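Novice: sequence-free structure coming up:
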């Protein structure tokens, strides 16, 4: 089986090509805007919300950051001509430069979809699915979104009179769930190619997931298993202190597949 990192990177590239096609269509729409209907760009409205957001928020934000280089006296001296000039530069730029200004495939949930697909290629179509409804492992139990939101505000007493502690650090909901050989698998999925701040944040999220899964396994002896499927150079060396290694698996996609097969 191909390395998951290579597969994810390849699909990111394909997604970015499609994103660039969509971006060019929107950029061309901007140049056709009738400014007589919207004398000030902040008043612009459109049924195409991507177009509206680009005009009202994204492009002005980029202009403000480097306003002197765009011939403006102040960051708020933005006129339609500045927006049109910027968009024309985008359209005239070579493809390798244009692709840096379209929607970023890394923010589309693409990575998790590919990680899920690789699991299904191994264990059977639709064995693993996007987790629905939204579920968290926290307070030694699996809880829904509404309960989690209550825990952000304070302690919650469940229907059995047990207390779920207040969430001190925000948790990431479970990405994928599946049932295989009578076992339920709850999967936290992340791909992080580079380190730095983002890599540190992902490691923190994964650590919370593993610790919360350990708390669950300490209290509940059932068929629920927990997986942290972590791909990318900055995550593969991450070390986790796992108390229940027979029910909590952490590793790359290839390592996770091997662990599941052993059950």
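Specialist: Everything's here; your move. Computed from a predicted structure; not experimentally measured.

Novice: those strands in the stretch 101-250 of the chain, which residues are they?
Specialist: Assigned by DSSP state E, counting those that start in this stretch, the stretch 101-250 of the chain shows strands spanning 128-130, 135-138, 141-144, 156-157, 163-164, 176-180, 183-191, 224-231, 248-251.

Novice: looking at those, which is buried most?
Specialist: Mean neighbours per residue, mean count of other C-beta atoms under 10 Å, is largest over those for strand 224-231, with a mean of 24. From N, CA and C alone the C-beta is placed, and that goes for glycine too.

Novice: Sheet-wise, list the partners of that one with their directions.
Specialist: strand 183-191 (parallel), strand 248-251 (parallel) (DSSP bridges).

Novice: which strands and helices sit next to the longest helix anywhere in the chain?
Specialist: Determined from DSSP state H, the single longest helix within the chain is helix 4-31. Judged by 3 or more C-beta pairs under 8 Å, 6 or more residues apart in numbering; DSSP states H and E, the packing partners of helix 4-31 are helix 49-53, helix 80-92, helix 95-98, helix 110-123, strand 183-191, strand 224-231.

Novice: got those as JSON lines, with distance to residue 215 and mean pLDDT columns?
Specialist: Converted to JSON lines, the helices and strands packed on helix 4-31 look like this (distance: least, C-beta to C-beta, whole Å; pLDDT from 0 to 100):
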{"stretch": "helix 49-53", "distance to residue 215": "40", "mean pLDDT": "93"}
{"stretch": "helix 80-92", "distance to residue 215": "49", "mean pLDDT": "95"}
{"stretch": "helix 95-98", "distance to residue 215": "48", "mean pLDDT": "91"}
{"stretch": "helix 110-123", "distance to residue 215": "24", "mean pLDDT": "89"}
{"stretch": "strand 183-191", "distance to residue 215": "13", "mean pLDDT": "94"}
{"stretch": "strand 224-231", "distance to residue 215": "11", "mean pLDDT": "94"}
